[in-house]
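>>> Here you go, sequence then predicted model.
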Amino acid sequence: MSRTERERLADLRARVAALYRANRRQGHAAWCDADYDYVCPSAETYPFQWFWDSCFHAIVLSHLDVGWAEAELRTLLRNQQPDGFVPHMTLWPAERPPDVTGPYRVAGRSPWLSASMQPPVLAEAVAAVAARGRGATYLREVLPAVRRFYEWCDRVRDPDRDGLIAIVEPHESGMDQTPAYDAYLGVAGGEPEDFEAAWRVVAESNAAAGHDTGAIIERDRFVVEDLAVNALYAANLRVLSGLLRQVGEIDAAARIDERADRTAAALLEHCWSSDDEDFHGLAGRDERRLPGGTVAGLLPIILGDLPAPIVDRIARRLEDPADFGPSHPVPSVSLSNPAYRRAPAGGTVLWRGPSWIGTNWYIARGLRRHGRAELATRIEDASLRLVERSGFREHYDAETGEGYGAKGFAWSALVLDLAEARVNERGAAPS
Ligand code: GLC
């Protein structure tokens with residue numbers, strides 16, 4: 001590594017450390033009589049703790065201060081419910097639960113905890129923290145809770161036992177306003193209030209079902225076997241089985257591997273279409289295929305056992321400037337999809353075009369897993385350029401690189417993990 005490369009990495013580390021210090025929230029929550037210590041996604045926009053953000057933050061923190069990374073995950077798991085569920089939002093610092101969160105986010109368990117899940121990426125976070133910290137000692141402490149969470153995913157969210165877990169409201173996908181759900185939800189337009197109106201119907205239905213997954217599925221108002229959720233679920237089950245092996249739990253690891261195999265096979269069998277060569281989520285009791293053309297359909301690249309022709313197809317789409325390969329990739333919606341918008345409508349409509357660092361992180365790592373180092377490098381470099389040029393923003397214009405949405409957005413610091421991997425594990429600095 002040259003001196004300038006080393007300086008560039010040191011500069012990035014310093015910027016990330018400053019951001020994480022600014023977004024750190026520590027205190028005591030009277031409502032559950034517990035201390036908290038977490039990094040909020042954005043001081044202005046998102047002051048609470050979110051599930052998959054927190055997992056990404058722990059991965060970033062594992063490079064800065066592994067004790068702090070452990071605290072982030074301990075805080076996330078502090079309100080795990082007896083059945084294994086971990087809420088997608090915890091309103092730690094709120095003395096009274098604020099109205100802004102609305103019934104679709106908060107209800108059913110406690111006013112401070114959402115009744116929703118988010119993409120189940122916990123095992124990857126635990127793996128990063130263990131690897132750079134206390135290894136098997138940490139794993140022995142944390143794995144019982146982690147296993148309970150994945151058991152909940154399997155037992156509660158896969159009632160038809162096809163290996164694909166179901167989400168029951170759009171926020172659970174982590175990709176709130178993705179166009180994949182428009183027709184299914186009956187979204188009437190592209191403005192924030194059009195989504196709020198469509199979500200409210202789902203929220204009220206779920207509340208009427210008492211937030212009980214079985215009753216929600218029975219009502220069949222919004223039940224989706226989502227692509228991103230299931231690709232990340234399968235990938236995380238694989239990581240979990242590796243962690244169980246590290247602590248000698250060989251039988252448990254084998255059972256989790258079987259589950260990972262089943263989910264990966266179900267994605268290919270039920271969600272892949274050879275007609276348009278794209279993956280599709282499945283909606284409702286009769287499992288209707290949802291529209292493709294979103295970044296969720298690229299995320300199966302993270303699975304090591306994806307057939308080579310599908311890897312080729314995803315790589316070609318990422319190389320095509322009119323599809324998923326514009327100047328500042330990877331757009332959350334293909335440029336060839338009529339739903340694609342360069343900028344967020346109303347400033348707050350998400351996941352309809354701009355590029356996100358979280359999905360880039362998965363795609364770059366997936367490409368490397370399949371030996372596509374050159375394309376992975378291109379996406380890693382593009383991600384670093386976005387952050388260097390426009391700062392840590394929530395998402396970025398895929399054509400101009402302009403930053404949009406929340407400022408000081410903490411998961412965009414995942415570029416540090418990509419850069420560290422390049423420098424430390426592969427000996428080549430980002431260019
Ligand atoms: C938005 C994103 C979601 C994220 C949350 C907090 O709702 O769509 O993925 O977890 O913000 O950053």
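Thanks, I have the structure now. Residues are numbered from 1 along each chain as shown.
>>> Roughly how far does Leu367 sit from Pro192?
Shown here: Leu367 relative to Pro192, a distance of 34 Å by C-beta to C-beta, to the nearest Å. Every residue, glycine included, has its C-beta placed from N, CA and C.
>>> Please apply the same query to Glu319.
For Glu319, the distance to Pro192 equals 34 Å [C-beta to C-beta].
>>> Give me the contacts around the helix or strand hosting Ala58.
Using DSSP states H and E, Ala58 maps to helix 51-61. With C-beta atoms under 8 Å, 6 or more residues apart in numbering as the test, helix 51-61 has contacts from 16, 20, 38-39, 41, 46, 68-69, 72-73, 75-76, 86-89, 117-119, 121-122, 124-126, 128-129, 174, 358, 361, 410-411, 413-414, 416-417.
>>> among those, which ones are buried?
16, 20, 38-39, 41, 46, 68-69, 72-73, 75-76, 86-89, 117-119, 121-122, 124-126, 128-129, 174, 358, 361, 410-411, 413-414, 416-417 (16 or more other C-beta atoms under 10 Å).
>>> Just to be sure, which of those are found in helices?
16, 20, 68-69, 72-73, 75-76, 122, 124-126, 128-129, 358, 361, 414, 416-417 (DSSP state H).
>>> Please identify the residues of the stretch 301-431 of the chain in proximity to the ligand?
Contact residues (C-beta under 6 Å from any ligand atom) of the stretch 301-431 of the chain with the ligand: Leu350.
>>> Show me the strands in the stretch 301-431 of the chain, by range?
393-396, 403-407 (DSSP state E, counting those that start in this stretch).
>>> got it, and the stretch 1-150 of the chain?
Using DSSP E, counting those that start in this stretch, the strands of the stretch 1-150 of the chain run over 24-29, 34-39, 49-50, 89-90, 106-110, 113-114.
>>> residues of stretch 38-56 that come out buried?
So for stretch 38-56, counting by 16+ other C-beta under 10 Å, buried means 38-43, 46-56.
>>> hmm, back to that, between the strands of the stretch 1-150 of the chain, which one is closest to the ligand.
strand 49-50 (4.3 Å; C-beta to the nearest ligand atom).
>>> Which strands border the closest one, and is each parallel or antiparallel?
When pairing is defined by DSSP bridges, strand 49-50 lines up against strand 89-90 (antiparallel).
>>> Check what contacts the strand it pairs with and list those residues.
36, 48-51, 75-76, 78-79, 101, 105-106, 112-114, 116.
>>> Repeat that for stretch 190-209.
Against stretch 190-209 from outside (C-beta under 8 Å, 6+ apart): 102-104, 107-108, 115, 168-171, 176-177, 185-188, 215-216, 218-219, 221-222, 341, 345-346, 348-349, 352.
>>> pLDDT on it, on average?
If you average the pLDDT over stretch 190-209, you get 92.
>>> With stretch 243-260 instead?
Per-residue scores along stretch 243-260 average to 98.
>>> cool, and stretch 369-378?
Here the average pLDDT along stretch 369-378 is 98.
>>> Next, Arg155: phi, psi?
Here the main-chain torsion angles of Arg155 (degrees, to the nearest 10) amount to phi -70, psi -40.
>>> Sketch out the low-pLDDT regions of the stretch 1-150 of the chain for me.
1-3, 95-109 (pLDDT under 70).
>>> List the contacts of Leu113.
Applying C-beta under 8 Å, 6+ apart to Leu113 gives the contacts Asn79, Pro87, Met89, Thr90, Leu91, Val106.
>>> and if you look at Ile363?
The contact partners of Ile363, by C-beta under 8 Å, 6+ apart, come to Val295, Leu298, Leu299, Ile301, Ile302, Leu318, Val330, Ile379.
>>> Nearest to the ligand among these?
Distances from the ligand to the contacts of Ile363, taken by C-beta to the nearest ligand atom, are shortest for Val295, at 12.1 Å.
>>> thought the closest one was touching Gly358?
No. Look at Val295 against Gly358 with C-beta atoms under 8 Å: they stay out of range, at 9.9 Å.
>>> how far out from the middle of the chain is stretch 66-77?
18 Å (C-alpha atoms, centre = their mean, to the nearest Å).
>>> And for stretch 181-193?
Worked out by C-alpha atoms, centre = their mean, stretch 181-193 lies 22 Å from the chain centre.
>>> That one and the ligand, are they touching?
No. Contact of stretch 181-193 with the ligand (C-beta under 6 Å from any ligand atom) is absent, the minimum separation being 12.2 Å.
>>> okay, and the common contacts of Val295 and Gly358?
With C-beta under 8 Å, 6+ apart as the test, Val295 and Gly358 reach no residue in common.
>>> ok so, going back, settle it for me: which of Leu367 and Pro192 has more neighbours?
With neighbours defined as other C-beta atoms under 10 Å, Leu367 and Pro192 compare such that Leu367 has more, 25 against 16.
>>> Tell me, how many residues neighbour the nearest residue to that one once chain neighbours are set aside?
Distances taken as C-beta to C-beta, 6 or more residues apart in numbering put Ala376 closest to Leu367, at 3.9 Å, once the chain neighbours are dropped. By other C-beta under 10 Å, 23 other residues sit near Ala376.
>>> you'd agree Ala376 is up against Asn360?
No. Taking contacts as C-beta under 8 Å, Ala376 lies outside contact range of Asn360: 10.0 Å.
>>> Please report phi then psi for the closest residue to Val311 other than its chain neighbours.
Leaving aside its sequence neighbours, Val311 sits nearest to His370 (C-beta to C-beta, 6+ apart; 4.7 Å). The phi/psi pair for His370 (degrees, to the nearest 10) reads phi -100, psi 20.
>>> all helices of the stretch 251-400 of the chain, in order?
308-319, 357-369, 373-390 (DSSP state H, counting those that start in this stretch).
>>> Most tightly packed of the ones you listed?
helix 357-369 (a mean of 23; mean count of other C-beta atoms under 10 Å).
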